[in-house]
Every structure is written in C-alpha cells, then in structure tokens.
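> Take this sequence and fold it.
(one chain, ligands or ions: 1)
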Amino acid sequence: MEFRLNEEQSRFQREVRAWLTANLPPGWGTPAHRKPEEPAEKVAFMRGWYRKLHDGGWAGLHWPREYGGRGATPIEQFLFAEEYTRQGAPSMIDIGVGPGLTGPTLIHHGTDEQKRRFLPAILKGEEVWCQGFSEPNAGSDLANCRTRAERVGDVFHVNGQKIWTSYARYADWCILLVRTDPNAPKHKGLTFLLLDMKTPGITIRPLVEMTGVAWFNEVFFDDVKIPASMMIGRENEGWHIAITTLSHERGGSAPHARLAAELRDMIGVARGLGHGGAPAVADPLVRQRLAQAWIETEVVRLVAYRQVSEVMRRGQPGPEGSYLKLLWSETDMRMKDLGIELEGPYAAVDRGDPRAVDGGRWQYEYLWSRAASIYAGTSEVQRNIIAQRVLGLPRA
Ligand SMILES: Cc1cc2nc3c(=O)[nH]c(=O)nc-3n(C[C@H](O)[C@H](O)[C@H](O)COP(=O)(O)OP(=O)(O)OC[C@H]3O[C@@H](n4cnc5c(N)ncnc54)[C@H](O)[C@@H]3O)c2cc1C
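This next block holds a predicted model:
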C-alpha cells in the first residue's frame, strides 16, 4: 500500500481544503461562533449547508456523474472525508440517510422515474431521509422485521412499529422495510418501500437518549397507505435491496481525522487542568495515557488507509471493514473515558453548569461514544464477521 499521495491526489486534497476555507460559515470552529446544537436546528442548518456543497460540486461525491454526483474514486472520497473532518466541517450525520443510503440504493435498484423524482432533491439537500429498518425485535437480526404491509390493488396498507429511527421527526421521506408475506422464510417475504413522512396514520414519539438529547424516535404505523409505485425492486424481494443499503452504511468516513482532532482538543484541556498543583499534562501517568491514545489513533489511521487501498484494489469494501469499525469505535470509547478521568471530580459537572470543564463537551462525548458500538452493526456482530469471514473460524 502507498502512504504518499500522488500529484493528482494532492491537488484534489488542496482543492477540498481551499473550498472549505472559502465556504464554511465565518468564524466556524472558533469559540465566537455558535454551532447549531439541538437536532431540529442541526437538520435545518444542514439543509442549507448541503445545498452549498451541491453548488460547489461536493454533494453525492461517490454517486455516478449521470445522476448528478462527482463519480469520485474511493481514494478521493477518503481524502474528502479526511479533509472535511480535519476542518471540523458540519457533520454529515445531520443530513439524514439520503446521500449515503437512499441515493446509492435508488441508483442500483430504482426505476428511472424513481431516480428522476428523488435523486436531485437529495443532492440539493431539499429532502431529508430517515431509515425505518430496526424494530423492537429486529435489530442485529434485521430479517426478523414484522411491520406488516398488505397490498390492496396498487396500495400497500402498513401497520406496525419501527424503533431507533434517527431524524424521523425532521425527515421528509423514509426508506422502509416491511413484511409482505408472513408465511415465507424470514429473508423472503420482505419488501422495500419509500414512505412520505406526511402520510396520515404515522405517529412519531421521540426517545430521549442518555446524552439527554432526543435524536431517536419510535415510529408507529396505523393503516398507512403507500402507493405501489413507491416500491423499490419487486414485492417480497426487499431483503437484497436492504443489503445494498447496508453495504453503504460503513463507507466513506475518515474516523481517524475526528479522533485526532478530538485528542488535540483533549490535550489542550489537560494543559489547563490542575493535578496536585501542576498542569495535568505534567503528570507522567496522564502523559502516558495521552501518548497511548495518540498511538491508537495512528493505528486507526493506518487501518483506514489499508481499507481504502483494499477498496481501490478490489473495487468494493470487504469484511475487513468490520475491523476498522470495531477498532475506531472502541478507540473512541477509550479516549472519551480518558477525557472524563482527566476532569477528576469535575467529571460530575454537566453541560449547562458554568463550572463544567470545556462547557461539558466531554461528558456529552463520553455518553455519545457508546452509540458507535451499536449502530451500523454492534461490536459483537463485527467480531462474528471478523471471526467467520476474515479469519475463517468455525461457527460456535
Ligand atoms: C445512534 C444510533 C442510531 C441508529 N439509527 C437508526 C436508524 O436511523 N434507523 C434504524 O432502523 N435503526 C437505527 N439504529 C438501530 C441499530 O441499527 C440497532 O440498534 C442495531 O442494529 C442493534 O440492534 P438492537 O438494538 O435491536 O440490539 P439487539 O440486536 O437486540 O442486540 C442486543 C445485544 O445482543 C448482541 N447480539 C445480537 N446478535 C448477536 C449475535 N448474533 N452474536 C453475538 N451477540 C449478538 C448485540 O451485540 C447486543 O449487545 C440506530 C442505533 C443507534 C445506536
């Protein structure tokens, strides 16, 4: 694998950097600038920011050019994500799953009419999408999905419940996995639908997470009518469409860049905190822990580079992606544990209290870091994939 960028890649990296410098909101990333904080505010801000990315030619970077994307190579996507994250640009999470999941799924499996209707609005940030897959008994085992859809003529009547649906309250549309044949084996009998979130019969209840923020939702369906023209692929063949969606769930990120930026900030905090009359960074044990976190972040960076090299070589991500996801999510949790430990007794002082260290940022980050060990496949599920598909170990 090659660690140095060639001239073309370096030029691309400079182009991303220059565009972000010229276009990020004035003062972005400085203490003087107040970033949007609450979910509703974040999504509203992101609609405008994504439009800006689109106008600058950066939206749907990995989508083919014929669908309005940039047709970027895996290394260009990676360099964009790395530079974007390094500059602390607005988190792409806040635009929902349209560009990352719905778009690629429609490009693979949608009809021409569906592509014409939905792809341009996703790229311009005009329509925000949520993902209605998980249910109370169908998370890791997604094929256990029970939300029922019965077809009457050209309309599906949907009844049931989804859970953990991020952004559902702010989303315009939802990619929805439903059971259309309850008698078929569980991977069969599923259908993939597109749901307008304004359709009558939908009830959304926010779920407050341990961070105190209500980002998730429960979504209930009471005879929600979806026209058959909103079906992707064929009836009862939704499982392989959902697999396409999930195969895009872990791509296109540069977790090391975020970890490195956060670690730099954490070192700044350690310089300001006192341990026994001296700055915390003077304490040899603290120095050792910070150095360990730095080494781990470097390992994440190298594994991320190896992963993108693999994608370039084979044309698609392999199960080794599970290793990167497991590694960065667990490194993230260890780093946030350290952030909390550094604060000593102040760790108990949360956001909103004037005595909170760094505005209570690390309390929030500590709690939020747990999420990455669950979404896009839990750590246990990643370990199963590594054991069976990477190491070739037998099933227990
Ligand atoms: C921040 C966040 C955002 C999310 N957003 C969405 C969203 O927008 N839309 C959506 O549909 N879902 C979303 N999810 C849900 C997520 O996909 C599920 O939480 C995840 O798939 C795990 O499913 P579960 O919660 O039902 O846990 P379960 O599958 O019930 O797992 C419970 C425990 O059992 C373990 N386990 C399960 N199966 C195995 C196995 N085979 N071997 C070993 N251990 C196992 C798990 O690792 C876990 O520890 C989100 C989750 C989070 C945390």
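
> Tell me who's in contact with the closest residue to residue 360 other than its chain neighbours.
What sits nearest to residue 360 in space, not counting adjacent residues and going by CB to CB, 6 or more residues apart in numbering, is residue 351, at 3.2 Å. Where C-beta positions appear, they are placed from N, C-alpha and C, glycine not excepted. By CB atoms under 8 Å, 6 or more residues apart in numbering, the contact list for residue 351 reads 212, 359-361, 363-364.

> What separation do you get for the spatially closest residue to residue 286 that is not a sequence neighbour and the ligand?
The shortest distance from residue 286 to any non-neighbouring residue, by CB to CB, 6+ apart, is to residue 280 (5.0 Å). The gap separating residue 280 from the ligand is 31 Å, by CB to the nearest ligand atom, to the nearest Å.

> just residue 379 next, same as before
For residue 379 relative to the ligand (CB to the nearest ligand atom), the value is 7 Å.

> thinking again about what came up before, quick one, phi/psi of the residue nearest to residue 360?
The phi and psi values for residue 351, taken as degrees, to the nearest 10, are phi -50, psi 150.

> Give me the pLDDT for it.
Residue 351 is assigned a pLDDT of 87 by the prediction.

> cool, and residue 197?
98.

> what about residue 116, how many residues close to it?
Residue 116 has 11 neighbours, counted by other CB atoms under 10 Å.

> what's the answer for residue 96, then?
29.

> residues in contact with it?
43, 128-130, 166-167, 170-171.

> Considering those residues, which possesses the most neighbours?
Neighbour max across the contacts of residue 96 (other CB under 10 Å) = residue 130, 28 neighbours.

> Name the helix or strand for that one, please.
strand 129-132 (DSSP states H and E).

> just checking, what packs against that strand?
strand 173-179 (3 or more CB pairs under 8 Å, 6 or more residues apart in numbering; DSSP states H and E).

> Does stretch 196-210 reach the ligand?
No: Stretch 196-210 stays clear of the ligand (CB under 6 Å from any ligand atom), getting no nearer than 7.7 Å.

> Give the buried residues for that stretch.
197, 202, 204 (16 or more other CB atoms under 10 Å).

> just for the stretch 151-300 of the chain, where's the confidence low?
250-252 (pLDDT under 70).

> contacting residues for the nearest residue in space to residue 131 that is not next to it in sequence?
Counting by CB to CB, 6+ apart, the nearest residue to residue 131 once its immediate chain neighbours are dropped is residue 97, at 4.8 Å. Contacts for residue 97 (CB under 8 Å, 6+ apart) come out as 129-131, 175.

> per-residue confidence for residue 97?
96.

> quick one, phi psi at it?
Dihedral angles (degrees, to the nearest 10) for residue 97: phi -100, psi 10.

> ok, which stretches of the stretch 101-250 of the chain are helices?
For the stretch 101-250 of the chain, helices defined by DSSP state H, counting those that start in this stretch occupy the ranges 103-109, 112-123, 238-247.

> The nearest residue to residue 346 once chain neighbours are set aside: what's it in contact with?
Nearest non-adjacent residue to residue 346, counting by CB to CB, 6+ apart: residue 357, 4.9 Å away. Residues in contact with residue 357, defined by CB under 8 Å, 6+ apart, are 269, 273, 343, 346, 349.

> for residue 194, same thing?
For residue 194, counting by CB under 8 Å, 6+ apart, the contacting residues are 102, 114, 118, 173-176, 226, 230-232.

> And residue 155, by the same measure?
225-228.

> can I get these in JSON lines with neighbour count?
Shown next, in JSON lines, are the contacts of residue 155 (neighbours: other CB atoms under 10 Å):
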{"residue": "225", "neighbour count": "13"}
{"residue": "226", "neighbour count": "22"}
{"residue": "227", "neighbour count": "14"}
{"residue": "228", "neighbour count": "14"}
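
> Closest one of those residues to residue 253?
residue 226 (31.4 Å; CB to CB).

> on that earlier part again, what about the contacts of residue 351, which are in helices?
Among the contacts of residue 351, the ones falling in helices (DSSP state H) are 361, 363-364.

> hang on, residue 188 packs against residue 239?
Yes: taking CB atoms under 8 Å as the definition, residue 188 is a contact partner of residue 239 at 7.0 Å.

> who's more crowded, those two?
residue 239 (19 against 15).

> how close does that one get to the ligand?
15 Å.

> how about that residue, what does it touch?
Residue 239 touches 143, 187-188, 190, counting by CB under 8 Å, 6+ apart.

> try 10 Å
142-143, 145, 177, 186-192, 233 (CB atoms under 10 Å, 6 or more residues apart in numbering).

> From the residues you listed, list the buried ones, please.
Applying 16+ other CB under 10 Å to the contacts of residue 239 flags 142, 145, 177, 186, 189-192, 233 as buried.

> Now rank the contacts of residue 357 by neighbours and give me the top one.
residue 343 (21 neighbours).

> quick one: the closest residue in space to that residue that isn't next to it in sequence and the ligand, what's the gap?
Once flanking residues are discounted, residue 343 sits nearest to residue 357: 4.9 Å by CB to CB, 6+ apart. Distance, residue 357 to the ligand, by CB to the nearest ligand atom: 25 Å.

> Residue 14 too?
Taking CB to the nearest ligand atom, one finds residue 14 at 34 Å from the ligand.

> residue contacts, that residue?
residue 83.

> And the next helix or strand past the strand or helix carrying it?
Secondary structure assigned from DSSP H and E places residue 14 in helix 7-23. The helix or strand immediately downstream of helix 7-23 is helix 39-55, counting by DSSP H and E.

> Pull out the buried residues from that next one.
39, 42-43, 45-47, 49-50, 52-54.

> With stretch 319-331 instead?
320-331.

> Between those, which sits nearest the ligand?
residue 329 (10.6 Å; CB to the nearest ligand atom).

> The residue of the chain found nearest the ligand - how many residues pack around it?
Across the chain, the shortest distance to the ligand (CB to the nearest ligand atom) belongs to residue 139, at 1.8 Å. Residues lying near residue 139 (other CB under 10 Å) number 17.

> what residues are up against it?
133, 163-164, 374-375, 377-378, 381.

> Spatially, which two of these are the most separated?
163 and 381 (17.5 Å).

> Test of understanding: give the bridge partners of the nearest residue to residue 161 once chain neighbours are set aside.
With CB to CB, 6+ apart as the criterion, residue 161 has its nearest non-adjacent residue at 5.2 Å, and that residue is residue 220. Beta bridges link residue 220 to residue 161, residue 203, judged by DSSP bridges.
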